[in-house]
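*Asks:* I would like the atomic coordinates for the input below:
(one chain, ligands or ions: 1)
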Amino acid sequence: MSGHAGCRWNCAALSIHRASASYNIRMMQNQNPATFTAMLAKAQQQNQSMLCVGLDPEPTRFPGNFKNDPSKIFDFCAAIVDATADLAMAFKPQIAYFAAHRAEDQLERLMAHMRSVAPQVPVILDAKRGDIGSTAEQYAIEAFERYGADAVTLSPFMGFDSVSPYLKRHGKGAFLLCRTSNPGGDDFQNQRLASVDGQPLLYEHIARLAQGPWNLNGQLGLVVGATYPAEIERVRELAPTLPLLIPGVGAQGGDAAATVRAGLRAGGSIIVNSSRAILYASADQDFAVAARQEALKTRAILQAAATQ
Ligand SMILES: O=C(O)c1cc(=O)[nH]c(=O)n1[C@@H]1O[C@H](COP(=O)(O)O)[C@@H](O)[C@H]1O
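*Replies:* Got it, this is the predicted structure:
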């Protein structure tokens, strides 16, 4: 067979594989019409958990014979999912870790795998998109149709028309970056808006908009860093009923118990993400067992703080 013909066969096989992966995701979506917030509440109850397991696969940190092999991204993440499926309130794959290695096909397989082993656990695609409406429509198709995510992370920097295409998707969640976990979050998010009533800080304004006029489908949430508990508390005051996605415990050093005290309220859930601390709890063959231990530990700290 010539190289060209070989490529044609391989390409055909690949597109059949892709088509069937996205068909499976669509079928699973149809069987699961629940809204994102309803799925969150159910997963929290069923797994007694406020923990989000972040999937940020970095091949240089993979264990044993997976190390430095991007073709093992699916296998690595699937092992983590299997080890934590009964402990997580949500999973959060970060798209850059897949795209950087041309591993979007592995992300598609992972989405299907999460649906099959943990159908009760919603998946938040961490994409941090933000663009004009026509482009946002394409990003929404990518997140909700190609990958079958239940929710997506978005930057609100470009304003409401960059967010609204996601809100047209019935039952799908969207988390707006509000007060992020990184030190540079101060640069814009803690600036005062002289032109807005009461001259709020930018992150306070985002929280008010998300709780109020922007929340067209009732599925908006906010991202607030665990590294800034005082700001979590302020966001919770301004957005009493929104789900808060809170990354920054574990590798970034945020205090899990302080996070719960600041953010959890009756009617206002929190989803506390930890990625590297769970994924790389061990660099050896026992990585999945070690990931489970770390997830158990973090879940227990969160649950204990909720009952104090
Ligand atoms: O939107 C996010 O998920 C996010 C927002 C934020 O303010 N800070 C933050 O760390 N994240 C993401 O949360 C994850 C944190 O990873 P770890 O620090 O390894 O737990 C990464 O995927 C980040 O991209």
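*Asks:* show me how this protein divides into domains.
*Replies:* Annotated domains of the chain cover 1-31, 35-307 [automatic domain parsing].
*Asks:* which positions in this protein make contact with the ligand?
*Replies:* 54, 56, 94, 126, 128, 153, 180-181, 223, 225, 247-248, 250-252, 273-276 (Cβ under 6 Å from any ligand atom). Placement of C-beta: from N, CA and C, glycine included.
*Asks:* again, only using 5 Å
*Replies:* Within the chain, the positions adjacent to the ligand are 54, 56, 94, 126, 153, 180-181, 223, 225, 247, 250-252, 274-276 by Cβ under 5 Å from any ligand atom.
*Asks:* identify the residue spatially nearest to Arg169, adjacent ones excluded.
*Replies:* Closest residue to Arg169 apart from its sequence neighbours, by Cβ to Cβ, 6 or more residues apart in numbering: Phe144 at 5.4 Å.
*Asks:* residues contacting that neighbour?
*Replies:* For Phe144, the contact set (Cβ atoms under 8 Å, 6 or more residues apart in numbering) comprises Val152, Arg169, Lys172.
*Asks:* and which of those is nearest Thr60?
*Replies:* Nearest to Thr60, judged by Cβ to Cβ, of those is Val152 at 26.9 Å.
*Asks:* secondary structure class for the closest one?
*Replies:* Following DSSP: H, G, I helix; E, B strand; the rest coil, Val152 is assigned to strand.
*Asks:* just give the nearest non-adjacent residue to it, would you?
*Replies:* Ala143 (4.3 Å).
*Asks:* confirm for me that that neighbour is in contact with Lys128.
*Replies:* No. Taking contacts as Cβ atoms under 8 Å, Ala143 lies outside contact range of Lys128: 11.1 Å.
*Asks:* and the two? Which one has more around it.
*Replies:* Counting neighbours by other Cβ atoms under 10 Å for Ala143 and for Lys128 shows that Ala143 has the greater number, 25 against 16.
*Asks:* pLDDT at the more buried one, what is it?
*Replies:* Looking at Ala143, its pLDDT stands at 98.
*Asks:* the closest residue to Glu231 other than its chain neighbours bridge partners, please.
*Replies:* Ranked by Cβ to Cβ, 6+ apart and with sequence neighbours excluded, the top spatial neighbour of Glu231 is Arg179, at 4.4 Å. Arg179 has the following beta-bridge partners by DSSP bridges: Val224.
*Asks:* ok, now which ones touch Arg179?
*Replies:* Gly185, Gln189, Asn190, Tyr203, Val223, Val224, Gly225, Tyr228, Glu231, Ile232, Val235.
*Asks:* over to Pro57?
*Replies:* Per Cβ under 8 Å, 6+ apart, neighbours of Pro57: Ile73, Phe76, Cys77, Tyr97, Phe98, Leu279.
*Asks:* got the contact list for Ala256?
*Replies:* Ala226, Val249, Val272, Thr298, Ile301, Leu302, Ala305.
*Asks:* are we agreed that the first one is in a helix?
*Replies:* When you say that, I think you mean Ala226. No. The assignment for Ala226 (three-state DSSP) gives coil, which keeps it out of a helix.
*Asks:* picking up where we left off before, tell me the secondary structure at the residue nearest to Val152.
*Replies:* Going by three-state DSSP: Ala143 is helix.
*Asks:* how much space separates it from Ala151?
*Replies:* Distance of Ala143 to Ala151, given as Cβ to Cβ, to the nearest Å: 8 Å.
*Asks:* give me the common contacts of those two.
*Replies:* Leu125.
*Asks:* and the residue nearest to Glu231, what's its pLDDT?
*Replies:* 98.
*Asks:* ok, back up a step: what's the farthest-apart pair in the contacts of Arg179?
*Replies:* Farthest pair in the contacts of Arg179, by Cβ to Cβ: Asn190 and Val223, 15.1 Å.
*Asks:* who are the neighbours in contact with Ile271?
*Replies:* For Ile271, the contact set (Cβ under 8 Å, 6+ apart) comprises Leu40, Met50, Cys52, Met89, Ala90, Ile124, Gly221, Pro243, Leu244, Leu245, Ile246.
*Asks:* run through the bridge partners of it.
*Replies:* According to DSSP bridges, beta-bridge pairing links Ile271 with Leu245.
*Asks:* in CSV, list the contacts of Arg179 along with neighbour count and pLDDT.
*Replies:* Below are those laid out as CSV (neighbours: other Cβ atoms under 10 Å; pLDDT from 0 to 100):
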residue, neighbour count, pLDDT
Gly185, 20, 96
Gln189, 22, 98
Asn190, 14, 97
Tyr203, 25, 98
Val223, 26, 98
Val224, 35, 98
Gly225, 25, 98
Tyr228, 26, 98
Glu231, 22, 98
Ile232, 28, 98
Val235, 29, 98
